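Student: Okay, sequence plus prediction incoming.
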Number of protein chains: 2
Amino acid sequence: MENIAVAEKANDTIEQVITPEELLNHWQGHRRLTRRVIEAFPEDKLFNYSIGGMRPFSAMAQELTNMAVAGVRGVVTDKWAPVSELGHHSGKDTANTKAGILQQWDKATAEIDEWWPKIPAGRFQEKMLAFGQWEMETYAIILYWIDNEIHHRAQGYVYLRSLGIEPPYFWER
Amino acid sequence: MENIAVAEKANDTIEQVITPEELLNHWQGHRRLTRRVIEAFPEDKLFNYSIGGMRPFSAMAQELTNMAVAGVRGVVTDKWAPVSELGHHSGKDTANTKAGILQQWDKATAEIDEWWPKIPAGRFQEKMLAFGQWEMETYAIILYWIDNEIHHRAQGYVYLRSLGIEPPYFWER
C-alpha cells in the first residue's frame, strides 16, 4: 500500500507541461521559419540592410547559429564556449553569401538533432553557468536562446516589410 | 516490489522540463519587458508610428492583452472567445492613450495570475480547439501566444530604434 502511495505521488506531483522531444520540435519549428526568413532576403540586403543602426540580418542569423550549437553542446556536456565566440565577428565559420549562411544553418540543425537526445536526465531543472557567464536553470537557458531567435527574426520581418517583401507566415513552422 | 517498480517508472518516464509555475513566471517576465517597451514609446508614436505598412505598437499591445486574457481563460474553462474579439478593432476596451494601454496591461497581468493556478491537472498535454479554431496541445497554444508577444515586441524594438530611442534590454525581465 505504501508503495502504491509513492507511485501515485510521483505521478501526482509532476505536472508535465512539455516533454523534451516536444521542446526540440518546438525549437526546430521556429528554426525552419527563421530559415525561410533568411531565404526571403535578397542576397545584398541580407548583408547590408539595416534600420536604426541595428545589425544586418546575416549577422543576427550567424549569432543564432553559433548560440544554438554552442548552447546544445553546453547543455549536454557542461562545457561552454565563451561568449566571445557567439557573435558573428567571432571569426569562426563566417559566411558572406546567403548560400553560406543557409549551409551553416542546416549544419546546426543536424547538430541540434544529434545532441538533443543526449541531454542527461534531470538536466532541464538543474542550474548551469551558461556560456560560463549566466547562472540559471537549464530550461531557462534553452528558452532564452529560442526567445532570442524569435526576437531577432521579428526584426528581420520588419526589414523585409520595409523593403516591400512579404515575410513568411509566423505560424508556418 | 512490483509497486516500487511502478514508482520508479513513474519518476523515470516523466522528465520534467518546466513546471507550470515556472512557465507562468517566464511569461510574466516577458510581459514585464513588453510593458517597458510600451512605456518607452512617446505618446503619439505609440498610436501613429509604423514601418512598412505594419500596425502601430498600440494595436499590437492591445492584441497581446486580448489574446492573453482570452487565452488563459480558455485554457482553464475550455470556453474560447472567438478570434474576432482578439484584434485591437474588436471594440472591447479599446484604449487611445498610453495610460489606458498600460491600465489594460496591468489588469491582464492580474487576471493571468488569478486564472493560471486554476489550470486543470493534465491540461498542458491535452489537445484543445484554441479560440474555437486551432487544434493543438495546450502547451503549444500557450507557447504560441508567448512567442507572438516576443515577435511583436521585437517589432516595437525596431520602431523605437528607428526613432532614435534605446529600447530596454532584452534580458531584463
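Tutor: Received the coordinates, thanks.

Student: tell me what the longest helix seen in chain A is packed against?
Tutor: Taking residue count as the measure and DSSP state H as the definition, the longest helix of chain A comes out as helix A:138-162. Counting by 3 or more C-beta pairs under 8 Å, 6 or more residues apart in numbering or on different chains; DSSP states H and E, the packing neighbours recorded for helix A:138-162 are helix A:20-40, helix A:57-77, strand A:127-130, helix B:20-40, helix B:138-162. For the C-beta atoms, the positions are set from N, CA and C on the backbone; glycine is no exception.

Student: wait, which of these is closest to residue A:150?
Tutor: Of all those, helix B:138-162 sits nearest to residue A:150, with 4.5 Å by C-beta to C-beta.

Student: Please find the angle between the direction vectors of the closest one and helix A:138-162.
Tutor: 50 degrees (axes from the mean of the first three to the mean of the last three C-alpha atoms, to 10 degrees).

Student: before we move on, the earlier item: next one: the longest helix of chain A to chain centre, how far?
Tutor: Using C-alpha atoms, centre = their mean, to the nearest Å, the mean C-alpha position of helix A:138-162 is found 8 Å from that of the whole chain.

Student: Mind checking the pLDDT average for that helix?
Tutor: On average, the pLDDT along helix A:138-162 is 97.

Student: returning to that earlier point: and the helices and strands packed on helix A:138-162 as TSV, adding mean neighbour count and distance to residue B:118?
Tutor: As requested, the helices and strands packed on helix A:138-162 are exported to TSV (neighbours: other C-beta atoms under 10 Å in any protein chain shown; distance: least, C-beta to C-beta, whole Å):
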stretch	mean neighbour count	distance to residue B:118
helix A:20-40	18	23
helix A:57-77	22	33
strand A:127-130	16	29
helix B:20-40	18	11
helix B:138-162	22	13
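
Student: before we move on, the earlier item: let me know the angle separating the longest helix of chain A from helix A:57-77.
Tutor: Relative orientation of helix A:138-162 and helix A:57-77, computed by the same axes, to 10 degrees: 170 degrees.

Student: Flag the shaky bits of chain A, pLDDT-wise.
Tutor: Low-confidence regions of chain A, defined by pLDDT under 70, span residues A:1-13, A:88-93.

Student: One more pass at 80, please.
Tutor: Within chain A, the stretches with pLDDT under 80 are A:1-13, A:83-93.

Student: and residue A:15, which of the three is it?
Tutor: Taken by DSSP: H, G, I helix; E, B strand; the rest coil, the conformation at residue A:15 corresponds to coil.

Student: What sits closest to it if chain neighbours are left out?
Tutor: Leaving aside its chain neighbours, residue A:15 sits nearest to residue B:20 (5.5 Å; criterion: C-beta to C-beta, 6 or more residues apart in numbering or on different chains).

Student: which residues does that neighbour contact?
Tutor: A:15, A:17, B:116, B:119, B:124 (C-beta atoms under 8 Å, 6 or more residues apart in numbering or on different chains).

Student: List only buried entries from these.
Tutor: Of all these considered here, the ones buried according to neighbour count by 16 or more other C-beta atoms under 10 Å in any protein chain shown are A:15, A:17, B:116, B:119, B:124.
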